[in-house]
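A.B. asks: Predicted model follows, preceded by the sequence.
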Amino acid sequence: MSAYDNRRYTGKRRRRKSKPKRFRREMKITVFVSFCFCLFVFGLLFYKIYRINQQDGSRYKKEALAQQIYTNSVLNYQRGDIKDRNNTTLAVSVRKYNLVLEPRTLLTNEKKRAVTVKRIAAFFGVGEEKLQERIAKKPKSMYEHIDELKELPASKVEIFKEEMKKNKDIIGIWFEETYKRNYPQKTVGASIIGFTSSENKGTYGVEEQYNSVLNGTTGREYGYFDSNMNLQRTIKEAKDGNSVVLTIDANVQKIVEEEISRFQKKSVGAKKIAVMLMNPKNGEILAMASDSTFDANEPQDLSVMYTQQQIAAMSKEEKNEKLLSMWSNYCVGEAYEPGSTFKPFTIAAALDENLVSEKSSFTCRGVTKVADREIHCNNRSGHGVLDLRHSLMESCNGALMIIGTKLGRESFHAYNKLYGFGQKTGIDLPGENSGMIHEKDMLNTVELATSSFGQTQTVTMVQMLGGFSSLINGGDYFQPHVVKEIQNSNGEVIETVDPIVIKKTTSEDTSAKIRSFLKSTVEDGTASPAKVKGHSIGGKTGTAEKRPVSEKNYLVSFIGCVPAENPDVAFYVVIDEPHVKDQAHSTYATEFSSRIMKRVLPFLGQYATK
């Protein structure tokens, strides 16, 4: 190669090397500019963040923290008490505590978690594994319950709280206040009081009827961390419910229930037995019971009424039917034919219509032909000639059919309605039955005859006692009721349930005559076993033949008052199908009534005279 060619070659190579140098310089400039630009942008961003933090940082931080709720729990109210007229507690909500776990807090410190779990397990008797499992399952939760740690007694919780103060290794738990309904008298008045569900919802009785009065308003507790990471709590206090004071006397109620149980277990026994007592001067129910009862603390427990062997033999449907029957209140919910206890109403109506008088006389031959059938008196041989007083004293069906005919269908139907039959009384208890009376155009001669002495129409016990009270108190029909007053959570009376006179059913003169007739019926008539030594008792027996008549089943009863001249207490006993071969004897009811009244009258301020 020539020197020229060598120079050309050399020169060419040098020119090739010069291009990468320029490229590198350009790249360096580009990178530098980009870096400067990014630095400038980040500078602006940091400046902006700095400005925001300076001006609104605190506000934004609080808003962010406010969204991180630490707790949001319900504060339970205390449901109001139910008391009897003497302030004996029949239902009360007892303070309990639920232990609340905070898994998120517990998982922040393994050592303290182990200590906490161990102490809870040892003190409250729950397995450590169950606690650890719940914590692991809900690691972010701040509110977890375990069934075994619900409704803990306050005395035990207070001891554990003291330990928590001393032992700082116990973390991530707290106690939520709650209430459990308790019925100190257990079965006493259960059908009147009812019971509650776990959601504080009343079921049956006063618990249901006055649910909105007894219930209060729940509160709320909110918690969050402030800007200094201190826990801040906001509390909206719960408002406790009002208490209900009943007209019921718990002592009298208990005695009545004891006597019913004694009759069923140690005496004759019956398919059904029920008793009511009322103040005829204001409509207050003093006691109300039947043989169907339950422990309000354990309303699902059938063992109060049935043996374990009987319960085991029941199907699920049968158990449900038995429970419904056990919870129901016979005195307001069941209708039946009353029999001769209805006769004072027919006689009072005829007296007020001036169709009969004390001097009126009636002839009873033992059987009366009505339309196409023969209707017998309780005395098949006949009572002969009776005046009005003795017609009631001897419970003569023949005389009452004559009186019913005198009244006629229009007046008889009108007085039926006036006395409250065929309609609800409006008593402040759920499940009331209206019974059944014949419509006016259906009161033909046979229906009029049988209805006049208490057959072919149905009534309830509360209807009978409400109407009867008006017959003996001068004619004022007071609405039957079981609540006397309402108190707030401080025990102050905020509402008094005043007696309500619904209507006038009879005249003072007729009322006085009926009282006199009723007294004679006990002293010298069919109701003599109802006497109570040292007391003036008035009343009327009843023996109602049940359908179908071929089965020869009867409902026997007694309705009465004391003192007979100016009654302060009206009472009513119903015994449905006594467990005897020959049921048609009101003696079972009158003797039972006497035994009850002898025990309860001193509690009602009625003392025997010498």
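C.D. replies: Here it is on my side, so go on.
A.B. asks: What about Arg262, how many residues nearby?
C.D. replies: Per other Cβ atoms under 10 Å, the neighbour tally for Arg262 reads 12. For the C-beta atoms, the positions are set from N, CA and C on the backbone; glycine is no exception.
A.B. asks: again with Thr346
C.D. replies: 26.
A.B. asks: do the same with the one 5 residues further on
C.D. replies: The burial metric for Leu351, expressed as a neighbour count using other Cβ under 10 Å, is 23.
A.B. asks: That one looks like it's in a helix, true?
C.D. replies: Yes - secondary structure of Leu351 (DSSP: H, G, I helix; E, B strand; the rest coil): part of a helix.
A.B. asks: Can you tell me the closest non-neighbouring residue to it?
C.D. replies: Once flanking residues are discounted, Leu351 sits nearest to Thr510: 4.4 Å by Cβ to Cβ, 6 or more residues apart in numbering.
A.B. asks: Relative to Ser328, how far out is Glu358?
C.D. replies: 42 Å (Cβ to Cβ, to the nearest Å).
A.B. asks: Name the residue in the two with the higher neighbour count.
C.D. replies: Ser328 (18 against 11).
A.B. asks: and Met288, helix, strand or coil?
C.D. replies: Assigned with three-state DSSP, Met288 falls in the strand class.
A.B. asks: ok, so what distance separates it from Ala527?
C.D. replies: 22 Å.
A.B. asks: swap in Lys96?
C.D. replies: For Lys96 relative to Ala527 (Cβ to Cβ), the value is 52 Å.
A.B. asks: Neighbour count for the two, which is higher?
C.D. replies: Ala527 (31 against 19).
A.B. asks: just to revisit the earlier point, what's the neighbour count on the residue nearest to Leu351?
C.D. replies: 20.
A.B. asks: In contact with it, which residues?
C.D. replies: For Thr510, the contact set (Cβ atoms under 8 Å, 6 or more residues apart in numbering) comprises 348, 351-352, 471, 475.
A.B. asks: 6 Å instead, please
C.D. replies: Contact analysis of Thr510 by Cβ atoms under 6 Å, 6 or more residues apart in numbering lists 348, 351-352.
A.B. asks: which one of the residues you listed is nearest Pro602?
C.D. replies: Comparing the contacts of Thr510 against Pro602 with Cβ to Cβ places Ala348 closest, at 31.0 Å.
A.B. asks: Tell me the confidence at Glu63?
C.D. replies: Glu63 is assigned a predicted lDDT (pLDDT) of 53.
A.B. asks: what do you get for Tyr143?
C.D. replies: 88.
A.B. asks: Next: Ala66.
C.D. replies: On the pLDDT scale, Ala66 gets 45.
A.B. asks: What are the boundaries of the helices in the stretch 401-550 of the chain?
C.D. replies: If DSSP state H, counting those that start in this stretch is used as the criterion, the helices of the stretch 401-550 of the chain fall at 445-452, 461-472, 508-524.
A.B. asks: If you average the pLDDT over the first one, what comes out?
C.D. replies: Within the predicted structure, the mean pLDDT of helix 445-452 is 97.
A.B. asks: Buried by neighbour count: which residues of that helix qualify?
C.D. replies: Of all the residues in helix 445-452, those buried under the rule 16 or more other Cβ atoms under 10 Å are 447-452.
A.B. asks: From Met442, how far off is the residue nearest to Glu439 when sequence neighbours are not counted?
C.D. replies: Among residues not flanking Glu439 along the chain, His413 sits closest, at 7.5 Å (Cβ to Cβ, 6+ apart). Using Cβ to Cβ, His413 is found at 9 Å from Met442.
A.B. asks: Lys417 too?
C.D. replies: Using Cβ to Cβ, we find Lys417 at a distance of 14 Å from Met442.
A.B. asks: follow-up on the earlier one: surely the residue nearest to Glu439 meets Lys440?
C.D. replies: Yes - counting by Cβ atoms under 6 Å, Lys440 is a contact partner of His413 at 4.2 Å.
A.B. asks: In terms of packing, which of these two has more residues around it?
C.D. replies: Per other Cβ under 10 Å, whichever of His413 and Lys440 has more neighbours is His413, with 22 against 13.
A.B. asks: Next, work out how far apart that one and Ile375 are.
C.D. replies: Distance from His413 to Ile375, by Cβ to Cβ: 20 Å.
A.B. asks: Can you check the pLDDT for the nearest residue to Lys239 once chain neighbours are set aside?
C.D. replies: Once flanking residues are discounted, Lys239 sits nearest to Thr217: 4.2 Å by Cβ to Cβ, 6+ apart. At Thr217, the model reports a pLDDT of 93.
A.B. asks: Now do Thr217 against His481, distance only.
C.D. replies: Thr217 is 27 Å from His481, by Cβ to Cβ.
A.B. asks: ok, the two, which is more surrounded?
C.D. replies: Set side by side, Thr217 and His481 show more neighbours around His481, with 22 against 12, by other Cβ under 10 Å.
A.B. asks: what bridges to the closest residue in space to Ser197 that isn't next to it in sequence?
C.D. replies: Once flanking residues are discounted, Ser197 sits nearest to Thr203: 6.2 Å by Cβ to Cβ, 6+ apart. Per DSSP bridges, the residues bridged to Thr203 are Phe195.
A.B. asks: if I look at Thr203, how far off is Phe478?
C.D. replies: 28 Å.
A.B. asks: Give the residue from the two that has the larger number of neighbours.
C.D. replies: Neighbour totals were compared for Thr203 and Phe478, and Phe478 leads with 22 against 14 (other Cβ under 10 Å).
A.B. asks: Could you report the distance from that one to Lys281?
C.D. replies: For Phe478, the distance to Lys281 - Cβ to Cβ - is 8 Å.
A.B. asks: now do Ile311
C.D. replies: Applying Cβ to Cβ to Ile311 and Lys281 gives a distance of 44 Å.
A.B. asks: Neighbour count: these two, which is higher?
C.D. replies: Neighbour count, other Cβ under 10 Å: between Ile311 and Lys281, Lys281 has more, with 18 against 15.
A.B. asks: for the stretch 151-300 of the chain, which spans come out with low pLDDT?
C.D. replies: Residues of the stretch 151-300 of the chain meeting the criterion pLDDT under 70: 223-233.
A.B. asks: which residues of it fall in helices?
C.D. replies: Under DSSP H, counting those that start in this stretch, the stretch 151-300 of the chain gives helices at 154-166, 190-193, 205-209, 211-214, 250-266.
A.B. asks: who does the second one touch, helix- and strand-wise?
C.D. replies: If you count contacts as 3 or more Cβ pairs under 6 Å, 6 or more residues apart in numbering; DSSP states H and E, helix 190-193 packs onto helix 205-209.
A.B. asks: do the longest one as well
C.D. replies: When contacts are defined as 3+ Cβ pairs under 6 Å, 6+ apart, helix 250-266 packs onto strand 270-278, strand 285-290, helix 587-600.
A.B. asks: My read is that Val115 contacts Ile171, right?
C.D. replies: No - with contact defined as Cβ under 6 Å, Val115 does not reach Ile171; the gap is 8.4 Å.
A.B. asks: pLDDT wise, what is the residue nearest to Glu439 at?
C.D. replies: His413 is assigned 98 on the pLDDT scale.
A.B. asks: Okay, it and Tyr419: tell me how far apart.
C.D. replies: 11 Å.
A.B. asks: Now do the end-to-end distance for stretch 304-319.
C.D. replies: Criterion Cα to Cα, to the nearest Å; first-to-last residue distance in stretch 304-319 is 13 Å.
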